[in-house]
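[1] Give me a model of this one.
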Amino acid sequence: MLNKQIMVSQESALPGRTTPLSVETQHFVNHSDITAPVVGTQQEILLGMGCFWGAERLFWQLDGVVSTSVGYSGGFTPNPTYEEVCSGQTGHTEVVRVVFDTQQISLSQLLEKFWERHDPTQGMRQGNDLGTQYRSVIYTYSDEQLAIATASKEAYQRALSDSQRSTITTEIAPAGEYYFAETYHQQYLAKNPDGYCGLGGTGVCFPPQA
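    The predicted structure is shown next:
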């Protein structure tokens with residue numbers, strides 16, 4: 001029986017498909033184009049913090065966030081479906097693509113929300129959601145982002161250690177391919193206000209920065 005909390009190998013991952021999933025491009029909440037590339041002072045980042053429904057809502061509500069979408073990244077299977085990702089046989093985790101304007105909100109400010117609103121010490125799970133698809137990740141698009149993410153992890157680890165909490169398991173790495181999830185997952189909690197939201201946290205605040 002497959003253990004969904006053990007990362008699948010590239011050799012045994014599902015083959016996927018060459019054709020991307022069809023997705024509606026208009027953001028259900030702010031009407032931005034979720035497929036648009038970053039321009040000007042915008043940046044993008046991929047954040048995984050368990051089920052992507054609640055995570056996406058967290059970020060679309062922030063001033064300075066231009067657009068959000070949910071999808072799959074960090075695995076091996078090209079253009080996976082939700083069912084394939086849930087099988088544990090693609091290697092992907094559920095992520096939110098956050099496009100933000102650096103003149104209005106910084107990556108450090110986004111990461112404070114990221115660290116505080118889930119438990120980054122749980123490995124291949126988040127709360128009762130078990131499996132590699134729920135692992136905590138930060139996938140970056142520049143060396144500067146990678147450095148900021150790594151420093152924020154170190155700062156939050158010190159805060160967790162001071163509170164006798166566990167070691168952070170969050171994966172921080174340069175972003176690979178990002179695959180959009182199916183349209184019904186996009187902005188799910190705006191379309192389904194009573195839907196499941198697994199966001200929690202450790203109760204430990206991110207330390208103030210000088």
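
[2] Quick one: end-to-end length of stretch 30-50, please.
    23 Å (Cα to Cα, to the nearest Å).

[3] residue ranges of the helices in this protein, please?
    Taking DSSP state H as the test, the helices found in the chain are 52-60, 82-86, 107-116, 143-162, 188-191.

[4] Deepest in the core, which of those helices is it.
    Of the helices of the chain, the one with the most neighbours on average (mean count of other Cβ atoms under 10 Å) is helix 52-60, at a mean of 23. Bear in mind the C-beta positions are built from the backbone N, C-alpha and C, glycine included.

[5] Which strands or helices does it pack on?
    Counting contacts by 3 or more Cβ pairs under 8 Å, 6 or more residues apart in numbering; DSSP states H and E, helix 52-60 is packed against strand 42-49, strand 65-73, strand 93-101, helix 107-116, helix 188-191.

[6] Now distance to I168 and mean pLDDT too, for the helices of the chain, in JSON lines please.
    Shown next, in JSON lines, are the helices of the chain (distance: least, Cβ to Cβ, whole Å; pLDDT from 0 to 100):
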{"stretch": "helix 52-60", "distance to I168": "17", "mean pLDDT": "98"}
{"stretch": "helix 82-86", "distance to I168": "23", "mean pLDDT": "98"}
{"stretch": "helix 107-116", "distance to I168": "9", "mean pLDDT": "98"}
{"stretch": "helix 143-162", "distance to I168": "5", "mean pLDDT": "98"}
{"stretch": "helix 188-191", "distance to I168": "26", "mean pLDDT": "98"}
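
[7] would JSON lines of the ones you listed with distance to Q5 be doable?
    JSON lines is the format used below for the helices of the chain (distance: least, Cβ to Cβ, whole Å):
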{"stretch": "helix 52-60", "distance to Q5": "18"}
{"stretch": "helix 82-86", "distance to Q5": "13"}
{"stretch": "helix 107-116", "distance to Q5": "22"}
{"stretch": "helix 143-162", "distance to Q5": "21"}
{"stretch": "helix 188-191", "distance to Q5": "24"}
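
[8] Flag the shaky bits of the protein, pLDDT-wise.
    Residue ranges of the chain with pLDDT under 70: 1, 210.

[9] Brilliant, that's me finished.
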